[in-house]
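In: missing the sequence, but the structure's below:
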C-alpha cells in the first residue's frame, strides 16, 4: 500500500555522489512531519557534509509497525529496506517505543541502512525540529559521518548498543512526561471539538433552553465561586466518563505484561479527553455568554435578582449555563459517530490501524 509518494528536494547538478533517502511515515502526524522535513532535508544535509554530494528525499505514507513492542529486527524484516531503491530508509511512527520504562526515540541499523524513529518519544513541544534532528542524527550514524550530525545531538540523546544496531533514548529529565505529551499531541485533542459537532450543538441547545429559566438566574447569583467550580468539574468529569463508557475507549490489559502499556495508553486518552472537553466547555461558555448578552435585558435580570446587574453577572450566568450544557452534551455524545470520538483514544486508534493494515493482506489471500 503506497500513498502520496513523491520526490522532494533538488538535484542541483549531474556530477557528484547521489544519495537518496526514503521517509516512510504512519498516517496522521508522522506523515505530515515527513512531508515538511523532506522539503529542506537535502539542503541541510548538503550544507553539513560534502557540497558535491546530491541528496534526494522521497516520502511514502504507509503503516508498517503493528505493535509498539515489536523487536527492531522484526521491523527491519517487515519494512525490508533492502528492497527499496533508495539508499537510506527512515520510518517515522507515532507508536511509543520503550526499553523497560525508558522512552526510545530511535533505533538505527547501519548494516541495513535503516532507522526507526518514534515521533511520540520526542515529546509534544517543538516536534518538527526534534524529529528533524533525530532524522539527521540517524542518517549520520547510518553513513558513519559524524559531520552530518546536528550540533549537540549526540550528547542530547543517550545511545546504547543493541544486537541490531544503536538505540537512542529520550533525553534525561521528565522522560515519561515527555513521552506522554508526545502521545497526547499525536491524538490531536483540538480535533475532538470539531469531531463532536453533534455534542456541541446539543449542549448549546441545552444551555439556551436553560437560559430562558429564571430559576437558573437565581442559582447563578447565589451559588458562589466554590459551588460553581464544583459544578464545572463535575460536568467535565461526567462528559469524560460518558465518552469513555459509551464509546469503549478504555484499554483493558489481557496479561500482566500489557498492564504498563494499558496504563500509558489510558493516561494519554484521559489527558486528550480532558483537553478536548475543556476546550468544548470554553467554547460553550463563549457562545452562551454572547447569547445571554444579546437576548437577556439587564432590566429583566435585575428585576428577578433584586439588585443592579453588571457584566460580571452575565459571566456568572454563562459559567453555570456552560456547566449545565456540558452535562447535556454528555448525553448527546451517545449520538456521535464512534470514529470521531475514537480518534482521541490512543489504543483504539492503533487497533483500527492494525485492522486496516491486515485487510489488504487478507484480501490478497
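Out: Structure's in. What do you need? Not measured: the values here are computed from a predicted model.
In: Contacts only, for residue 211.
Out: Contact analysis of residue 211 by Cβ atoms under 8 Å, 6 or more residues apart in numbering lists 288, 291, 292, 295, 296, 317, 321. Any C-beta I mention is one placed from the backbone N, CA and C, and that applies to glycine too.
In: so where's the longest helix in this protein?
Out: The longest helix of the chain (DSSP state H) is helix 259-295.
In: helix or strand right after it?
Out: Later in the chain than helix 259-295, the nearest helix or strand by DSSP states H and E is helix 298-305.
In: and the angle for that following helix with helix 259-295?
Out: 110 degrees (axes from the mean of the first three to the mean of the last three Cα atoms, to 10 degrees).
In: how about helix 298-305: buried residues?
Out: 301, 305 (16 or more other Cβ atoms under 10 Å).
In: Centre of the chain to the following helix or strand past that helix, how far?
Out: As assigned by DSSP H and E, the chain's next helix or strand after helix 298-305 is helix 311-332. From the chain centre to the centre of helix 311-332 is a distance of 28 Å (Cα atoms, centre = their mean, to the nearest Å).
In: Okay, helices next: where are they in this protein?
Out: Ranges of helices within the chain are 29-48, 72-79, 127-143, 153-156, 175-187, 190-195, 197-211, 214-222, 224-246, 259-295, 298-305, 311-332, 338-342, 346-364, based on DSSP H.
In: Lowest average pLDDT across these?
Out: If you rank the helices of the chain by mean pLDDT, helix 346-364 sits at the bottom with a mean of 53.
In: re earlier: buried members of the contacts of residue 211 into ChimeraX, please.
Out: In ChimeraX syntax, the buried subset of the contacts of residue 211 is picked out as below (16+ other Cβ under 10 Å):
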select :288,291,292,296,317,321
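In: before we move on, the earlier item: helices and strands around the longest helix of the chain, which ones?
Out: For helix 259-295, the helices and strands in contact under the criterion 3 or more Cβ pairs under 8 Å, 6 or more residues apart in numbering; DSSP states H and E are helix 175-187, helix 190-195, helix 197-211, helix 224-246, helix 311-332, helix 346-364.
In: circling back: mind checking the helices of the chain for the one nearest to residue 95?
Out: Residue 95 sits nearest to helix 346-364 of all the helices of the chain, at 6.7 Å, using Cβ to Cβ.
In: would you turn the helices of the chain into JSON lines with distance to residue 19?
Out: Converted to JSON lines, the helices of the chain look like this (distance: least, Cβ to Cβ, whole Å):
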{"stretch": "helix 29-48", "distance to residue 19": "8"}
{"stretch": "helix 72-79", "distance to residue 19": "19"}
{"stretch": "helix 127-143", "distance to residue 19": "8"}
{"stretch": "helix 153-156", "distance to residue 19": "19"}
{"stretch": "helix 175-187", "distance to residue 19": "29"}
{"stretch": "helix 190-195", "distance to residue 19": "37"}
{"stretch": "helix 197-211", "distance to residue 19": "47"}
{"stretch": "helix 214-222", "distance to residue 19": "66"}
{"stretch": "helix 224-246", "distance to residue 19": "48"}
{"stretch": "helix 259-295", "distance to residue 19": "37"}
{"stretch": "helix 298-305", "distance to residue 19": "71"}
{"stretch": "helix 311-332", "distance to residue 19": "53"}
{"stretch": "helix 338-342", "distance to residue 19": "41"}
{"stretch": "helix 346-364", "distance to residue 19": "30"}
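In: Let me see the contact set for residue 25.
Out: Here residue 25 is in contact with 31, 33, 34, 59, 60, 61, 62, 91, 92, 93 (criterion: Cβ under 8 Å, 6+ apart).
In: what does residue 328 give?
Out: Neighbouring residues of residue 328 by Cβ under 8 Å, 6+ apart: 202, 203, 205, 206, 207.
In: Closest one to residue 154 out of those, please.
Out: residue 203 (50.6 Å).
In: isn't the closest one right up against residue 323?
Out: No. Using Cβ atoms under 8 Å, residue 203 is not in contact with residue 323, being 10.3 Å away.
In: Need the residue closest to the centroid of this protein.
Out: The centroid of the chain falls nearest to residue 186 when counting by Cα atoms, centre = their mean (1.4 Å).
In: Please name the nearest non-neighbouring residue to that residue.
Out: residue 94 (4.4 Å; Cβ to Cβ, 6 or more residues apart in numbering).
In: need the contact list for the one you found.
Out: Taking Cβ under 8 Å, 6+ apart as the test, what residue 94 contacts is 26, 28, 29, 30, 118, 119, 120, 183, 186.
In: Distance to residue 158 for those residues - can I get that in TSV?
Out: Formatted as TSV, these follow (distance: Cβ to Cβ, whole Å):
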residue	distance to residue 158
26	25
28	28
29	24
30	23
118	15
119	19
120	18
183	21
186	23
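In: From those, pick the one nearest residue 109.
Out: Nearest to residue 109 among the contacts of residue 94: residue 118, at 15.2 Å, using Cβ to Cβ.
In: tell me the contacts of the closest residue to the closest one other than its chain neighbours?
Out: The shortest distance from residue 118 to any non-neighbouring residue, by Cβ to Cβ, 6+ apart, is to residue 97 (4.6 Å). Contacts for residue 97 (Cβ under 8 Å, 6+ apart) come out as 68, 103, 104, 107, 116, 118, 121.
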